[in-house]
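Undergrad: got a predicted structure plus its sequence, pasted below:
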Amino acid sequence: MIDAVHWMLSAGIIAAAVMALKGRDLLASVIYLSAMSLMLSLEFYLLQAPDVAIAEAAVGTGLSTAIYIAAIKKTERMEHEGT
Amino acid sequence: MSAIVKTVSAFMTVPMMIFGLYVILHGHLTPGGGFPGGAVMATAVAMLIAAFGLSQSDARKKDAFSLFESIGLLAFIAMAFVGLQSTFFANVLAGHGWIFGSSVSYGPNPGYLETGGVIPIMNFAVGIEVFAALSAVMLAIMLHRREKHD
């Protein structure tokens, strides 16, 4: 049972990371990165490291998303081809 | 931002701040501590900034956050120097029955907050420092004016 959860979470982490890399919309990439961070913190919690899980949830999901969104607001939302 | 985002952010700020303080204050008993609690509180500030925006007159608030960052760091290093009568970082308050004086009990966690000696005070100092520093970083990014290049 817990093995299935581990496999699903790992697959979700990899899928979210690939989606964050593939997209041209940087705002969507940031949201995929936030979802990846949330699943990673859940995986840390299941691996009995709740301290790391709290830090990952606070920094990865909350703060870095806000900073990325601020940076996108200051620059451009869409990524250009070939740069 | 829209009215929904503004209302929900204003409503959620107080629970986020209180959860951050909870993580800081229970740092010596439960997972968490100064850094994650301060990051949670700074996330509340970042959410407020993202929802309500900033004006250029908010630059003074960055200096206030920088002041609190320095105060937190100074409190941490002062608590480290207080133990210098035996060693650096010595836990002088533990076992003396004064503030935070009793020792943490073994076994299942009963949640007695007044334990641990100087560790809760240092957690609080680190919490203030991380909260102020990450908020100052967020303010500095949002206050930066866009430069024209083309």
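TA: Sure, I can see it. Numbering: from 1, shown residues only, chains lettered A, B, ... in the order given.

Undergrad: name the residues of chain B found near chain A, please.
TA: Within chain B, the positions near chain A by Cβ under 8 Å from any Cβ of the partner chain are B:23, B:31-33, B:35-36, B:39-40, B:42-43, B:46-47, B:49-50, B:134, B:137-138, B:141-142, B:144, B:146. Yep, even glycine has a C-beta here, placed from its N, CA and C like the rest.

Undergrad: just the buried ones from these?
TA: Burial by neighbour count, 16 or more other Cβ atoms under 10 Å in any protein chain shown: within those this picks out B:23, B:31-33, B:35-36, B:39-40, B:42-43, B:46-47, B:49-50, B:134, B:137-138, B:141-142.

Undergrad: in strands, which of the residues of chain B next to chain A fall?
TA: With DSSP state E as the criterion, strands contain none of those.

Undergrad: nearest spatial neighbour of residue 50, skipping sequence neighbours?
TA: Going with chain A. B:Pro31 (3.9 Å; Cβ to Cβ, 6 or more residues apart in numbering or on different chains).

Undergrad: chain B was what I was after
TA: What sits nearest to B:Ala50 in space, not counting adjacent residues and going by Cβ to Cβ, 6+ apart, is A:Ala66, at 5.8 Å.

Undergrad: show me what contacts that neighbour?
TA: B:Thr43, B:Ala46, B:Met47, B:Ile49, B:Ala50, B:Met138 (Cβ atoms under 8 Å, 6 or more residues apart in numbering or on different chains).

Undergrad: which non-adjacent residue is nearest the last one?
TA: So that's B:Met138. Once flanking residues are discounted, B:Met138 sits nearest to B:Ala46: 4.8 Å by Cβ to Cβ, 6+ apart.

Undergrad: let me know whether that neighbour touches A:Leu63 as I believe.
TA: Yes. With contact defined as Cβ atoms under 8 Å, B:Ala46 counts as touching A:Leu63 (6.0 Å).
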